[in-house]
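> A predicted structure for the sequence below; I have some questions about it.
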Amino acid sequence: MGLLSIYFKPNFLGLLKCLNNLNWFIVFFSLINLSVCIYEDQIGKFDWRQTYVGRIKYSQFDTVSTAKKIIVATEENVLAALNLKTGQVVWRHVFESASAGNIQLLHVSDKVVTVTGSNPYLVRGWDSSTGVLIWEWSLTLQNDDQADFSEWWVQNNMLVHMLPMFGSHIEVSMYHLMTGQNRGATAKLPASWTNDGCVLAPPYYTCVSGEMKSQQLLSLDVTSNAVQLISRPLAEFVDLNSYDGSLRPVDGNSGLPAFIVDDKRIVMIKHNEFEVLKTAVFDPTGSVTLLDIANGPVVLQAWLDDTQGFSIQANSVSGAELPELRMADRDLKLPDPEISSAVCTKSAREQLVCRILVTGGDDSVHLMQQGGRVLWSREEALANVVAVEFVELPVSDLDAAIESEFDQKEAAKMYSSIWAAFSRRLQTQFQQLQTLVNSVQGEGAAQHQPLALVRDYFGLHKLIVLITDVGKIFGMDNLSGAILWQYYEPSLDTEGAVVFTRRTARHPPHDAYITIVGKHEETGNGLIISLNPITGTLIGERLLKLDVQLLQCTILHRPDNEKLHALILLDKDENVQVFPQSAAPLVENMFMYVADRSTARVQGYAIVYNGQSAIAVRTWLVRLGGGSQRIVLVQGKSATERVHSPGRVLPDRAVLYKYLNPNLVLVLTEGPDPLHKDVVVATCLDAASGAIVASQIHRRARALPLAVHSENYLAYLYYNDKHRRTEIATMELYEGKQRWTQAGAAFSSLATERAPGVERQAFIVPAAPAAAALTATERSLTDKHVLLALTSGAIVEVPWIYLEARRGGISEEGVVLPAYAPELPLPGDARLNYNLTVARPERIYAAPSGLESTSLVLTTGLDLFYTRVAPSKTFDVLKDDFDYYLITIVLAGLILATYSTKYFASRKMLKLAWK
Amino acid sequence: MSQVKSNKKFKWALDFNQKTRTQTTELPSPPGYSQSTNASYTETSRDTDSNLLLIKKLWDVALGPLKQVPMNLFIMYMAGNSISIFPIMMVGMLIVRPVKALFATQSTFKMVEGTQATGQKFVYFIGNIVNILLALYKCQSMGLLPTHSSDWLAFEEPQTRVEHIGGGLSLI
């Protein structure tokens, strides 16, 4: 026995070792099969994230802690700390987007204090260096109606809450900042002179009150124990004849009580007396702030001058100008500048060192120092992107020359003889050689230069045009995320704005052309901006202000002689305008539909050219839901969509033909129901004929404005009220096993009489999606995946096969579809943005790249996140970690081996022959 | 006595004790060699059916493909219908071999010109065709033949459209 164990022991151990190895292999291979996410060394290689905070509402320099920061609170309900040197976000807290997250007060001392919400209020203290929450207490006001007029400030480590009751009194309460302990009862100060035009310059509350022409300027220190009302006739400050009754507080947060009367005079309250400063307001639209520097208060003003550009000037209280703070920058076009905060210190050499944070009307933020140098800028408009268009880049000049050389028409025009063509050929060849030499020489030097704006071989380099809520349009490089150009149109209202690529950069003598159709801020009339997306300059129709409101717009499917797709506008009076007008005869087989959100009424039009101009003819009208419903979303198919496969192959090798109606539109409506509380109705509408192709209803549900629609399938999300969860419903439309028309025939909605078969399914989404999109590729050969942006900040890729409506149907032999499972799997490795959380995602945009396997994805919201996805893996390019060296060495070795064996073989043959 | 012995000696026995020196000049035949049998064999083979044998041999060749059919059937049965490397290789062989053989018919039957040449060729041809049909049947049962419309789906022209639409929610 002993002998036996000795004999077997080493073998047994060997077996164990072997098993252990095998185990590792199993783990290793299972990883390869499952994971679709990127490797650690690929982080940031294909993707980038930009974090934004939104338009700045309050800001304050944090001069106390060692790492210098600016603490900002924004309109987007974000509290953040920005690095003073670089402008990057050090830490950030994103509050609720509704009024519950509204920031009412920002106070920075050694701690950061915020008051957020609107009755109940939350008072919170944050550590300024890390952003960690230190303490929190809540406050609920009894009087809810007037709570909106509340004013908050911090004084002597006490939080002061002031609630004016216009025309009667002011309620002032003080709380201990850290604990929320109330200091005594609420003080009620009688103030019958208050009205809604009053301003607060802590701790003074100032109003203009009294009869016309005899107004009094009244001010009250609301925190002092003794009520001391300062009252002076207004006529002492301004000319009453031109006075329009405006008081406004100064910008910034200097802590000095001051305000501006009639956009002309700056009045400071000192020792309970009004003191009119000698410096007048330079520009009524400019920004005025007070700064407390060593020599005493300084008035700082910033405005946009027509001739001098952006200007800043500082005057002391006595009126003397401080020349070191004077600046004018002609190139900086900062509309409606506002000094958000400023800080000045005296350096060792008795020089003023100032930092001024300026916010523009275009939501951009600039940190300036004395002398006018801009230290950094942030484009906070990008926190509110409303529309995105991916634009192809033009080919390089050389490629364009070659293309034009081989273009038949062009060539016939240019070269009369063979010799001209030959010389041209030689010329281009020489140019090619030159660029080759240049590229070889400049390999090392060109590393740090930004990529030229030319199309790359795989078409992965594109330009993203982003239209923001504030009316600023950006051109962004998709590989680096760098802003290439910006265009600000203050009168553009981008609500419901649409972008059209009317000409791509593929037609060399002509520039690329995009058009943004929006509304005018004040009148609501149509506003059309046409841009060259590569340079950001106006082109073609330029800035066109229409004198009528627009119902809808689209582009013509057929380009004109200049390869430009005409813009068709349908206005409120159902007139049609075509831009350019010369393209009107091209209008043919064109239909439009207009859905009214509140009445759920969809009107169809045929756009017809009658010999002189294009006109709209009403063709059909659908009232969805009989008046009680409202439209949540209308989702058509992409106009440029291609469908690769006309059918699906079944396990028995028959074909289930898809119902590929390009005119199909999904309309999602919701409305109350007497029996089921709320119902959601999804209707598939043929927008050319007005026929209802399919519909389905969800009871006790509320619609979400999220849907995807492509080929023959669609999916939309709704909130199930009964089970309190989000669900996704999918529909697939099929013609059946027999096709209706011949292969390659044109589909006509007006000639189709048959109804498609509909497959339906619904799945539970174990998350709260905020945006949904489908990946897009050029030829639709690749699978389509649904991209869901979740409120948790993740962007998840869900293969369509999981959403397949045929999933879980009658099981056939050899079915490849997974069995029906009610819950949609959202595995962690399907997350595109690994640990880069995207705050408050709103929309996802996907665009095809030049590579069939790859789709480019941009998520907008508070943050921007760009990446690329390959739904069917990258089958058309070598892997990222492909070992070029190894294959070169192997190839060289093989060639060497071949030749050496050839030599040796011939020698051997010779020897054999001599034997 | 010795004479008798020598007369009576066995075919495989070798006598080293030969007394008579007279026979030494003439070497004995090697063991196992028989003059008579050899002579008689050549006699019969030369004369009777050199032609018949060739025909017989050629019939063997001609019937070869048909004889392979049961074997092929067995191979096909064993290979199964799954699509993997070995069944595919087998099916490939099943198809390629008879096709090759068909092309080589002329060279196979080069040496014969006779009454039965046409018949032999015909049988050979039929046999190979049977083998090809068998292989095709195998392909069919494995689903390798593009006989369904689904097999041609990827080559179809994409559908075009007549009407073009635009629109959406009212911008007002």
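Yep, that arrived.

> where does the stretch 301-450 of chain A dip in pLDDT?
A:404, A:406-416, A:442-450 (pLDDT under 70).

> Name the next helix or strand downstream of the helix or strand containing A:Leu717, please.
Using DSSP states H and E, A:Leu717 maps to strand A:713-720. Next along the chain after strand A:713-720, taking DSSP H and E as the criterion, comes strand A:725-736.

> Now for A:Glu171, which secondary structure element holds it?
strand A:169-176.

> Flag every residue of chain B that's near chain A.
B:143, B:148-151, B:153-154, B:156-172 (CB under 8 Å from any CB of the partner chain). Every C-beta, even on glycine, is put in place using the N, C-alpha and C of the backbone.

> Return the subset of these lying in strands.
Counted as lying in strands by DSSP state E, out of the residues of chain B next to chain A, are B:160-161, B:164-169.

> List the neighbouring strands of the strand holding A:Leu717 plus their orientation.
Strands that pair with strand A:713-720, judged by DSSP bridges, come out as strand A:701-710 (antiparallel), strand A:725-736 (antiparallel).

> Give the rounded mean pLDDT of it.
For strand A:713-720, the mean per-residue pLDDT is 95.

> Name the residues that touch it?
A:633, A:635, A:666, A:668, A:680, A:682, A:684, A:698, A:700-704, A:706-709, A:725-733, A:765, A:769, A:772, A:786, A:800, A:803, A:805 (CB atoms under 8 Å, 6 or more residues apart in numbering or on different chains).

> Filter these down to the buried ones.
Taking 16 or more other CB atoms under 10 Å in any protein chain shown as the criterion, what is buried in these is A:633, A:635, A:666, A:668, A:680, A:682, A:684, A:698, A:700-701, A:703-704, A:706-709, A:726-733, A:765, A:769, A:772, A:786, A:800, A:803, A:805.

> Tell me, what's the model's pLDDT at residue 19?
All of this refers to chain A. 53.

> ah, no, chain B please
Model confidence at B:Lys19 (pLDDT) stands at 67.

> So, low pLDDT: which residues of the chain?
All of this is about chain A. A:1-37, A:245, A:404, A:406-416, A:442-451, A:808-816.

> Chain B is the one I meant
B:1-9, B:18-25, B:35-49, B:111-115.

> Could you point out the longest helix of it?
helix B:50-79 (DSSP state H).

> buried stuff in the next helix or strand after that helix?
Counting by DSSP H and E, the next helix or strand C-terminal to helix B:50-79 is helix B:85-103. Of all the residues in helix B:85-103, those buried under the rule 16+ other CB under 10 Å are B:87, B:90-91, B:94-95, B:97-98, B:101-102.

> Give me the buried entries from the ones in strands among the residues of chain B next to chain A.
The buried subset of these (16+ other CB under 10 Å) comprises B:161, B:164-169.

> And A:Thr279, how far from chain B?
47 Å (CB to the nearest CB, to the nearest Å).

> Surely that residue and A:Val299 touch.
Yes. The pair A:Thr279 / A:Val299 is scored as a contact, 5.0 Å apart, by CB atoms under 8 Å.

> Comparing these two, which residue is more hemmed in?
A:Val299 (25 against 21; other CB atoms under 10 Å in any protein chain shown).
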